[in-house]
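> Need a 3D model of the sequence below.
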Amino acid sequence: MTPDFRYHVASLSAIFLALGIGILVGTAFVGTKVVDRQTTAVNRLTKETIELRKETHEREQTEKTLQDALPLLVKETLIGKTVLVVQVGSGREAAEQAQKALELAGATVERETVADDDTGESLGLASRSDLPRLVVLAGGESEEQAQRRDIPLLKALHSVGVRTVAVELYETPVSLVPLWSTAADATVDCANRATGWLALIVALQGESGNLGLKTGAITPPLEPLVKPTPTPLPSPTPEP
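Got it, this is the predicted structure:
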C-alpha cells in the first residue's frame with residue numbers, strides 16, 4: 001500500500017475509534033439523540049473506510065499490472081538514444097527512477113547533478129559540445145528554486161534544440177509541474193510509478209503536455225510504444 005493511501009485509511013480509522021469511544025461516553029452522560037447521531041456518523045465512516053480500502057487495492061493491482069507489462073511495452077523503444085538525466089536539488093530518487101525507466105527502454109543514460117545554489121553550473125550544461133538531444137530534469141524542492149534555477153536551465157536547453165522533460169515523484173509536498181510546464185516540452189508528475197515510466201518514454205519520443213496521475217495531468221498514450229506489424233511480402237508466383 002502506498003504511503004498516501006495508508007495515511008487516509010489510518011486517519012479514518014482514528015476518527016472511527018474516537019467516535020466509538022464517544023458513543024460509549026455518550027450513552028452514560030447524554031441523551032439518545034446525540035448517541036444516535038454519533039452512531040450514524042460511525043456507520044458512514046465505516047462505509048467510507050471500506051470503500052477507500054477497496055479503491056486502494058484496485059489502484060495497487062492496476063500499478064502491479066502496469067509494472068508487469070512495462071518490459072514488453074517499452075523494450076528497445078529508445079535504443080540508440082542517449083539521454084542526459086539532470087538531478088536538481090533533492091531529486092536523487094526522481095533521477096534514479098528516470099534512469100531505470102530509460103535503461104529499461106534501451107537508452108544510454110548520462111547523469112549530472114546541479115547543486116541547489118549553482119545556477120551558473122546548470123546554465124553551463126546548455127553549452128556542452130557533446131550535449132545529448134534529450135534531457136530529463138529530475139527533482140525539484142521549491143517554487144523559488146524552480147524559478148531561479150530550473151526555468152532558466154530549461155529555456156537554455158530549449159534554445160539549443162534540446163528536447164526536455166521535467167519529472168517529479170508522485171509523493172511531493174509541492175508539485176512543480178505548473179512552473180516546469182512553462183519551459184519544458186513535457187512534464188511527468190509520478191516518476192516513481194509505472195504510469196510515470198511510460199509517460200517519460202513517450203514524452204521523449206515527442207509527446208508533449210503534463211503527463212501522469214495528478215489533477216490536470218493526461219494519461220500517457222501508448223501509440224508511440226506500439227511497433228507496427230510488418231506487412232508480409234507477397235508469395236512469389238511459381239514459374240510455369
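
> so what's the residue nearest to residue 112 when sequence neighbours are not counted up against?
Leaving aside its chain neighbours, residue 112 sits nearest to residue 86 (4.9 Å; criterion: CB to CB, 6 or more residues apart in numbering). The way it works is simple: take the backbone N, C-alpha and C, and place the C-beta from them, glycine included. Taking CB atoms under 8 Å, 6 or more residues apart in numbering, we find residue 86 in contact with 95, 111, 112, 113, 114, 122, 125, 135, 136, 137, 138, 153.

> Of those, which qualify as buried by neighbour count?
Buried residues within the contacts of residue 86, counting neighbours by 16 or more other CB atoms under 10 Å: 95, 112, 113, 114, 122, 125, 135, 136, 137, 138, 153.

> follow-up on the earlier one: what strand or helix carries the residue nearest to residue 112?
Secondary-structure element containing residue 86, defined by DSSP states H and E: strand 82-88.

> Tell me the helix or strand right after that strand.
Heading C-terminal from strand 82-88, the first helix or strand you meet, by DSSP H and E, is helix 92-104.

> Output the below-cut-off pLDDT ranges for this protein.
Low-confidence segments of the chain, defined by pLDDT under 70: 1-39, 41-43, 45, 47-62, 116-123, 226-240.

> now the strands: where do they sit in it?
Along the chain, counting by DSSP state E, strands occupy 82-88, 108-114, 134-139, 163-167, 186-188, 209-211.

> quick one: the first one to strand 108-114, angle?
Taking axes from the mean of the first three to the mean of the last three CA atoms, to 10 degrees, one finds that strand 82-88 is oriented at 20 degrees with respect to strand 108-114.

> What residues sit buried inside strand 82-88?
So for strand 82-88, counting by 16+ other CB under 10 Å, buried means 83, 84, 85, 86, 87, 88.

> That one pairs with which strands, and in what direction?
strand 108-114 (parallel), strand 134-139 (parallel) (DSSP bridges).

> Which residue ranges of the protein form helices?
3-29, 32-74, 92-104, 119-125, 143-145, 151-159, 177-180, 194-204 (DSSP state H).

> hmm, who's touching the fifth one?
Outside of helix 143-145, the residues within contact range by CB under 8 Å, 6+ apart are 88, 89, 116, 174, 176, 179.

> and those residues, which are buried?
With burial judged by 16+ other CB under 10 Å, the buried subset of the contacts of helix 143-145 is 88, 89, 176, 179.

> hang on, the second one packs against residue 141?
Yes - checked against CB atoms under 8 Å, the pair residue 89 and residue 141 is within contact range at 4.3 Å.

> ok, so of the buried ones among the contacts of helix 143-145, who is nearest residue 191?
Each of these was scored against residue 191 by CB to CB, and residue 176 proved nearest at 12.1 Å.

> How is the chain partitioned into domains?
3-55, 73-225 (automatic domain parsing).

> Name the stretch among these that sits most buried.
Burial of the domains of the chain is given as mean neighbour count (mean count of other CB atoms under 10 Å); domain 73-225 ranks first at a mean of 19.

> So for that domain, first residue to last residue, what's the gap.
Its start and end residues considered, domain 73-225 measures 6 Å (CA to CA, to the nearest Å).

> now swap in stretch 110-127 and tell me
Using CA to CA, the two ends of stretch 110-127 sit 16 Å apart.

> Then stretch 71-79?
End-to-end for stretch 71-79, by CA to CA: 13 Å.

> leaving aside the residues next to it on the chain, what's closest to residue 111?
Leaving aside its chain neighbours, residue 111 sits nearest to residue 85 (5.3 Å; criterion: CB to CB, 6+ apart).

> Run through the bridge partners of the one you found.
Bridge pairing for residue 85 - DSSP bridges - gives residue 111, residue 136.
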